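J.: sequence-free structure coming up:
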């Protein structure tokens, strides 16, 4: 049961239309005082009815958030230095009362400002300000950064008002007002959700775990095996820093007769490393990649090509892929395929041709925003994948015959036994060399 004293404090705060921090402001000495914008006062009966309805909502929904009836509008000049032009969020605690205020950009009478949406909830206990105060401020800043980045760089060109509306709906559906920081982070996540499956918010814990994986040394991402007749199998599990350099060093030190690049299960990583690998095998300066991007509200199209022929140009090359080969893996595969530099074999790839920028935000987490799309000169793979020239079943059949004949048993050995698909890819490479 919510104490009447707490409800009275909540309702008193909600009944005031003033924006926190602006009450009692006086004009500077000597400045002409502007008359306040006239707003029709609500009758006392209507205000009382609004408070009663809010009280019923709070009692019925207990710890969840309820939208207050005191939403208003404030000019942007009043919030200068506190709220960015794309709007933002403020989270406050008064005893057990929790107040979340969302500022949505809105122009009225030619004046830029914010529509103010207030959401109120009752927590079971008071907030520990010593622990939560600084973190709340950082979550508020992260929310503003997420909205601003979405408006400026996402390919869908979302409007700030639409993003705020999504966040308000998510906060209202929060089951408890106890965790103000967690609720604020739900608002951050909601501004990023729903555009595509890769635009998202990551908590500090998830971001740190992913960052450790993406920065693993090249030696953990690349393994090379060689056959008795001078072929190389390069297994690339992730596009992590300097994998292109590691592959180049290995292949140039002992130049093979041909190479199988195994990208099965490789979900992508650094696009810059995929570009460097394309440069290794590029035969000339033809276009290898088309990148469409949006930054700072401006859209650009870049047709990327290698600066000069690569040191491994002309080497017989097979790229082995499967349904988990995605993003940078597909970029490398399409670029080599469209340039006529490689034969693609295996299974249809995943089909992700969107590019994200990841950035740390003030609360210690990160936001990933889709800002660009990738495609080859002739191959568009987003949403459809890349279809190999030789399928997985045909490769497996050929590989089983090769293994039965005693070829490539060491190279094709794996944790699940002999890899017949890889043995079939080696058989395909030999057919290209003959």
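T.: Ah, there it is. A quick note: this is a predicted structure, and the numbers were derived from the prediction, not measured.
J.: and residue 244, what does it touch?
T.: By CB atoms under 8 Å, 6 or more residues apart in numbering, the contact set of residue 244 is 273, 276-277, 279-280. In short, each C-beta sits where N, CA and C put it, glycine included.
J.: recalculate using a threshold of 10 Å.
T.: 218, 222, 236, 270, 272-280, 332 (CB atoms under 10 Å, 6 or more residues apart in numbering).
J.: which of the helices or strands spans it?
T.: helix 243-253 (DSSP states H and E).
J.: buried ones in that helix?
T.: Within helix 243-253, the residues that count as buried by 16 or more other CB atoms under 10 Å are 243-244, 246-248, 250-251.
J.: then stretch 170-182?
T.: Those buried within stretch 170-182 under the rule 16+ other CB under 10 Å are 170-172, 174, 176-181.
J.: show me these that map onto helices.
T.: 170-172, 180-181 (DSSP state H).
J.: without its sequence neighbours, what residue ends up closest to residue 173?
T.: residue 64 (7.4 Å; CB to CB, 6 or more residues apart in numbering).
J.: cool, residue 364 as well?
T.: Per CB to CB, 6+ apart, closest to residue 364 is residue 204, 3.6 Å.
J.: over to residue 396?
T.: Nearest to residue 396 is residue 420, by CB to CB, 6+ apart, at 4.5 Å.
J.: before we move on, the earlier item: nearest to residue 200 among the ones in helices among the buried residues of stretch 170-182?
T.: residue 170 (13.4 Å; CB to CB).
J.: touching, the closest one and residue 182? I think so.
T.: No: look at residue 170 against residue 182 with CB atoms under 10 Å: they stay out of range, at 11.8 Å.
J.: got phi/psi on the residue nearest to residue 396?
T.: Per-residue torsions, residue 420: phi -70, psi -30 (degrees, to the nearest 10).
J.: and it, what does it touch?
T.: Residue 420 neighbours (CB under 10 Å, 6+ apart): 392, 395-404, 408, 412.
J.: pull out the buried members of these.
T.: 392, 395-396, 398-399, 402-403, 408, 412.
J.: now the helix holding residue 244: average pLDDT?
T.: Averaging pLDDT along helix 243-253 yields 96.
J.: would you map the strands across the stretch 251-400 of the chain?
T.: 258-262, 287-295, 298-305, 317-321, 343-346, 354-360, 366-375, 390-391 (DSSP state E, counting those that start in this stretch).
J.: now do the stretch 51-200 of the chain
T.: So, for the stretch 51-200 of the chain - with DSSP E, counting those that start in this stretch - the strands run 66-67, 72-75, 88-94, 97-108, 111-122, 200-202.
J.: out of the contacts of residue 420, which sit inside helices?
T.: Using DSSP H, the contacts of residue 420 in helices are 392, 395-404.
J.: closest one of those to residue 228?
T.: residue 402 (12.6 Å).
J.: I figured the closest one hits residue 426, correct?
T.: Yes: Residue 402 is in contact with residue 426 according to CB under 10 Å; the separation is 7.2 Å.
J.: report the set of residues contacting both of the two.
T.: Joint contacts of residue 402 and residue 426 (CB under 10 Å, 6+ apart) are 408, 412.
J.: and stretch 372-381, what's buried?
T.: Buried-residue list, stretch 372-381, by 16+ other CB under 10 Å: 372-377, 379, 381.
J.: which parts of the longest helix anywhere in the chain are buried?
T.: Looking across the chain with DSSP H, the single longest helix is helix 129-153. Along helix 129-153, these residues count as buried under the neighbour rule (16+ other CB under 10 Å): 132, 136, 138-153.
J.: check stretch 292-311 too.
T.: 292-294, 305-306, 310.
J.: starting at the chain centroid, how far to it?
T.: How far stretch 292-311 lies from its chain's middle: 21 Å, per CA atoms, centre = their mean, to the nearest Å.
J.: quick one: mean pLDDT for that stretch?
T.: 92.
J.: could you redo the ones in helices among the buried residues of stretch 170-182 as CSV and give each row distance to residue 72 and pLDDT?
T.: As requested, these are exported to CSV (distance: CB to CB, whole Å; pLDDT from 0 to 100):
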residue, distance to residue 72, pLDDT
170, 22, 94
171, 18, 94
172, 18, 90
180, 22, 92
181, 26, 93
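J.: and the furthest pair within those?
T.: Checking these with CB to CB, the most distant pair is 172 and 181, at 17.4 Å.
J.: where is pLDDT lowest across the contacts of residue 244?
T.: Within these, pLDDT is lowest for residue 218, at 87.
J.: residues in contact with it?
T.: 236, 238-247, 249, 273.
J.: roughly how far apart are the nearest residue to it once chain neighbours are set aside and residue 236?
T.: Using CB to CB, 6+ apart and skipping the chain neighbours, the partner closest in space to residue 218 is residue 246 (4.1 Å). Computed as CB to CB, to the nearest Å, the residue 246 to residue 236 distance reads 10 Å.
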